[in-house]
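Student: my questions are about this predicted structure, shown below with the sequence.
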Amino acid sequence: MERNEVSYLESRKLVKRWQGPLPALANSLFIAIVFYATWWIFQDPRGIMRMYTPYVGYMVCRWLLILFIWVAYIFDFWPFKKAWLDRTHPLIKGSILVAFSVAAMYLLIKVFFVDILGNFGIAYFNPERLISMGITEFYAIEYAAEAIMMFAAIASWLSPSWVVACENAPWQDLPQPARGITIVTITFFISMIVYFLTMHSHMAILFYPWQKFTAICPPYWEEFANTVSGNFHIAWIMCCTVVVWLFETIWERYPFNLIKTNWLRRVASFFGIIIIAVALAFFLYFCEELAWGPAIRGTRRLMAPDWRWLHVGEMAIFWLCPSLFLTFYCNNWPTKFSRPVNVILRTFLTAIAAVLVYIVYYKTSHLFLGTQKGFSHPQQFPMIPMIWLINLFLVNVWFMDGWPGWKAVPKTTEELEEIKSEIVGSDVKWTPKFAYGLLAGLAGGVAVYFAIINFIPWFSKVYTIIK
Amino acid sequence: MTEKKHEGVSRRDFVKGAATGVCAGTFATMGLYSYSSSAKKRLAKITRSMKDFGVLKNVKITNISETSWFNNADLIGDIHEAGGLLVNQYSLNWPPFGNGKGSAQGSYESGIASIKDLIPKDLDKAWGLQEKLSLHPENAGGYACLIEVEELNGKTHKYLLDTGWSYTWTDAAFKREGIDKMLENHEIEALFISHEHWDHFWGFPVTMKYDPTIPVFIQDGFYPEGLQYIKDSGHTGPLTSYKKAVNPFIPGMAVLKFDVPIINRVFGEISLAFNVKDKGLVLVSGCCHQGILKFADLARTELKYENDRFYGIYGGLHISPFEDWDPKYDDLVISLGKWGFEKIGCNHCTGHLTAKKFVEAGYPVIRGTARFRSSSPDYLGNGDKISFGA
């Protein structure tokens, strides 16, 4: 296999510049500095641009995430050439690719959503139109940003899913930019359908009276989710976004990569991610009920079902950060066991790390990020700093080859051959012992679940995160 | 040798299967059980402590001012320009903490420095000075109400809930309703500050002007600036900061505290509950950032009250204060009926849109007279009164 037959990210190997933990420490320090500097410049309510209103800042970081995914995963860095990517210093390359992504994001938000959709399709995408109809300017901008952001939330699940789960099929053999344009178009189209099915009714009841002629009001999920808020959908969609990346990183596409039939593996992966995400969303919602008691419909904040659903998505994002860190900066440790054992160890480690990040965030974020103290303030969006951090991880690893701790070297022919075999796993075989283990494991999994749900009420009684 | 090798392979296969099974089993149970009716049954049943906090004859409330500000666009525009709803309220450069440096460049220290020597005695001059240093001083109004309580034995009590914002607006409203004289005569026994927000608390020197010895009740979420403002305003009476959730005050009256984060870096709110003879529970709030149903739920869980029935509400319910909307507010409009309130005296941050939706839903919202710059009769306005009980 030649280097030009695989994507740029697949064609390179990141090599540590120094032995031991130094590269991870150096990159952590580098990212922490860039995070805090950029947070202050763009997001912090006490900083310079103060986009954390919160929806404007939320919209920007979600769309940046999408653009990074499009540039690196979908378009394989087109129109930039591999030779340029190989020879350019990571700092220069990173700056240019980020600037390119920001420009594309601006065009998309301003031209497509605000100017085209907002002027010729749906008024709530355009703040000026809302202001002219009597909505206070601040809320007009927030409503439009919320709608545009939700589109990004859906796309940030579907776009990587098409690459990770569907393996770019059926357009995997198309050259760039045809492949990128096709996949962006199809995922954008599906995102639009999902948006109409999940968020349009939420937007329609923002206005008085309910816009019953243009959207289903009250929405169909009201009885099931115990709220008319679209936050119910944010919960499972955010979990989908997170599970896609867990599947790609710490799970190494296991277990769906054991399916040899291409179409079946892709379909199973795509819908498997959704099923796992929905299960995770229900579980996290239940955790909240166990810790804080049953939600009371119509109330606010911590006890409100709409906030509880939103917080499901927030909790899920806390899991993604340590998972990406483990993959990017710890070489997906541990790697010495069989794949299923590695997967379960990483899942356990990152889940524990997520809980720790969650506790530290809520204990301290109001001290240094300018966010509001407490869990449930309507303007407390941990998703923004978390996604901002994830964006920096992606820029560092995808656009800057892991600089300063790592450098990119071309993969050898043998290493390139391994990529093919990675798509279909051959390290786990169906044997009677495997089946016995699976059965025992299933029972163990049920036991683990009940151990967790018994632990949470006790833990929430003995430990208070925010005093 | 081969057998041993085979055994090793088998064991490894078992471990691989077990690892896969644990993940699959955990996620499968998450999906199948977590949102089921069986899971709901596991949730701790709420035990009502039914604390007997006494009963009283009636509660009368005079709305001194519910118009905290007069122009939503200016208020929200200032907040937006400063960086949004998370910006510290003392940095907004609103009066009385303006320093002339513009949006988001204010601070408690620089603001108070310009008026410290003038409060609480020369409030007109202090406000006049601040009008030159701060943003949109003409937009400031304030929230305050007088609560008159009659015990079963006929003994009466007067309390103030909140103390407005603009010194001039609040002082004029106090004079209009005779509050100034009541304070001077020490007829008003206590001032409750529901929370630290500008429109409920920053008019504090107005109350101090007439009675600096009045007992003041706050909660432990106050920030250092707020505590310093109480001192700088010349308060010499007792200051109580509630830490507990339920605090009986006099027979039939309790102060409930809620740890709730609030916009513009404010934390916590106290609200009042009254047990009215033969009627039921009356809930009175400043802004009710905790949410009216959370308020009602805590009262139901903790307190014993007449007929085990919710009777009335008064105050800001903090639903659509800027006439903004969110689907979660519809959750409230849909759900409120189940709680059975017989008299809803809402105003202030409840929002006119919410009042309209309440009326459309058939709830007993008491209409107002739209006097003294209250903008609509949708709900109780400035100078309007409401009474609960005989």
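Tutor: Cool, the structure landed. Numbering: from 1, shown residues only, chains lettered A, B, ... in the order given.
Student: what does the worst-scoring helix or strand of chain A on mean pLDDT contact?
Tutor: Lowest on mean pLDDT, DSSP states H and E among the helices and strands of chain A sits helix A:413-423, with a mean of 79. Outside helix A:413-423, the residues within contact range by C-beta atoms under 8 Å, 6 or more residues apart in numbering or on different chains are A:1-3, A:5-6, A:10-11, A:13, A:167, A:252-253, A:257. Where you see a C-beta, it was placed from the backbone N, CA and C, and this is true even at glycine.
Student: can you redo these as TSV with secondary structure?
Tutor: Converted to TSV, the contacts of helix A:413-423 look like this (DSSP: H, G, I helix; E, B strand; the rest coil):
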residue	secondary structure
A:Met1	coil
A:Glu2	coil
A:Arg3	helix
A:Glu5	helix
A:Val6	coil
A:Glu10	helix
A:Ser11	helix
A:Lys13	strand
A:Glu167	coil
A:Glu252	coil
A:Arg253	coil
A:Asn257	helix
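Student: still on that earlier bit, and the next helix or strand after the least confident helix or strand of chain A, is it in reach of chain B?
Tutor: Using DSSP states H and E, the helix or strand that follows helix A:413-423 towards the C-terminus is helix A:432-462. Yes - contact of helix A:432-462 with chain B is found when judged by C-beta under 8 Å from any C-beta of the partner chain, involving A:433-446, A:448-450, A:453, A:457.
Student: in the least confident helix or strand of chain A, what's buried?
Tutor: Using 16 or more other C-beta atoms under 10 Å in any protein chain shown as the test for burial, helix A:413-423 gives A:Leu416.
Student: among the contacts of helix A:413-423, which are in reach of chain B?
Tutor: Near chain B, by the rule C-beta under 8 Å from any C-beta, you find none of these.
Student: possible to save those residues as TSV with neighbour count and pLDDT?
Tutor: Below are those laid out as TSV (neighbours: other C-beta atoms under 10 Å in any protein chain shown; pLDDT from 0 to 100):
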residue	neighbour count	pLDDT
A:Met1	16	64
A:Glu2	8	71
A:Arg3	16	73
A:Glu5	11	80
A:Val6	16	87
A:Glu10	16	91
A:Ser11	22	92
A:Lys13	15	93
A:Glu167	16	93
A:Glu252	19	94
A:Arg253	21	94
A:Asn257	21	93
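Student: now those residues in TSV, with distance to B:Trp198?
Tutor: As requested, these are exported to TSV (distance: C-beta to C-beta, whole Å):
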residue	distance to B:Trp198
A:Met1	66
A:Glu2	67
A:Arg3	63
A:Glu5	64
A:Val6	60
A:Glu10	57
A:Ser11	59
A:Lys13	58
A:Glu167	57
A:Glu252	54
A:Arg253	54
A:Asn257	58
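Student: please report how far A:Pro322 lies from A:Met386.
Tutor: The gap separating A:Pro322 from A:Met386 is 11 Å, by C-beta to C-beta, to the nearest Å.
Student: now do the helices in the stretch 101-250 of chain B.
Tutor: With helices called from DSSP state H, counting those that start in this stretch, the stretch 101-250 of chain B shows them at B:108-113, B:123-133, B:167-177, B:179-184, B:198-201, B:204-210, B:224-232.
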